[in-house]
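**Q** any chance you can model this:
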Amino acid sequence: MPSAGSRAIDRTALLGAFLRLHMATLTDERLAGLPLAEQTELNSSMDTLGDIARTYGLSRPAARIYQSALVIDERRVRLDPGNTEYRRDLSVSYSKLGDLARAEGRTTEARGLYQQGLDIARELTELDPGNTDYLSDLSWFRQRLAEVAATQGRDQQ
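**A** Sure thing, here's the model as predicted:
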């Protein structure tokens, strides 16, 4: 009977194989050719898959998946700029990429990504000031930007 440790290794290997398959088959060019509804369905799965990859320490595949999700989000917003759900999803993609950049010590990149997310959160909050999700997003991005600024300040000392 396999030990718990060997099962974890098997899961990581399986996840790695699945991620390689995903990245080989769902290229940005192929995604662009899919109908918007299918891209939307894939987008949520991609976020989850990226989160799982990150949990298992697979930062490069996670980044590629998050980047693909960002491409979909940008396309959706470009096609329907008034859709607040699409705009919020775009801010989530910025937050995931920002978190990954920050975890890898790329604070300048993280700051830029968080700022883009904050800009969207501000716009959405202006459209619907009572929306608690938008207010929460606004606070979240401000907190991340403050944390990045503090890290950058320590790094410069």
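**Q** below-threshold pLDDT in the protein: ranges please.
**A** Where the chain drops to pLDDT under 70, the residues are 1-10, 14-15, 18, 22-28, 155-157.
**Q** just so I have it, where are all the helices in it?
**A** With DSSP state H as the definition, the chain shows helices at residue ranges 4-25, 28-32, 36-55, 59-79, 84-103, 107-127, 132-156.
**Q** now residue 96: closest residue in space that isn't a chain neighbour?
**A** In this structure, residue 96 finds its nearest non-sequential neighbour in residue 66, 4.7 Å apart by Cβ to Cβ, 6 or more residues apart in numbering. Using the backbone N, CA and C atoms, a C-beta is placed for each residue, glycine as well.
**Q** columns mean neighbour count on top of the helices of the chain, output as TSV?
**A** Output for the helices of the chain, formatted as TSV (neighbours: other Cβ atoms under 10 Å):
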stretch	mean neighbour count
helix 4-25	12
helix 28-32	12
helix 36-55	17
helix 59-79	19
helix 84-103	21
helix 107-127	19
helix 132-156	14
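**Q** verify the contact between residue 117 and residue 94 for me.
**A** Yes - using Cβ atoms under 8 Å, residue 117 makes contact with residue 94 at a distance of 3.7 Å.
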